[in-house]
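# 3D, please:
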Amino acid sequence: MVTGDEVTEGQSIGRVIDPADGGEHKVTATATGQILYGMNGLTVAPGAELAAIAVPHD
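I've put the predicted structure just below:
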């Protein structure tokens, strides 16, 4: 996923791979909306925000 993409709640938007055991953890969208930014990097702390999704206002 890249900035500007539309996503649906529950949609897979990325993954985190644990270098210690090779385990892969799926990251899903927490809301339906447009991706404002996403994190790409070598390290991720537990509980870190990995993406921001703009949700349309009713």
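# can you pull the buried residues of the strand or helix carrying Ile35?
Using DSSP states H and E, Ile35 sits in strand 33-38. Buried residues in strand 33-38, counted by 16 or more other Cβ atoms under 10 Å: 33, 35, 38. All C-beta spots, glycine's among them, are computed from the backbone N, C-alpha and C.
# may I have the next helix or strand after it exported as CSV, CA atoms only?
Toward the C-terminus, strand 33-38 is succeeded by strand 51-54 as the next helix or strand (DSSP H and E). C-alpha atoms of strand 51-54 as CSV (Å, rounded to 0.1, in the frame of the first residue of the first chain):
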residue,chain,number,x,y,z
ALA,A,51,0.0,3.7,9.1
ALA,A,52,-2.5,6.5,9.3
ILE,A,53,-5.9,6.2,7.6
ALA,A,54,-8.1,9.2,6.8
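# tell me the strands beside strand 51-54, with direction?
Partner strands for strand 51-54, per DSSP bridges, with pairing direction: strand 33-38 (antiparallel).
# and the strand it pairs with, average pLDDT?
Computed over strand 33-38, the mean pLDDT rounds to 93.
# repeat that for stretch 48-58.
89.
# that stretch: how far from the chain's middle?
How far stretch 48-58 lies from its chain's middle: 10 Å, per Cα atoms, centre = their mean, to the nearest Å.
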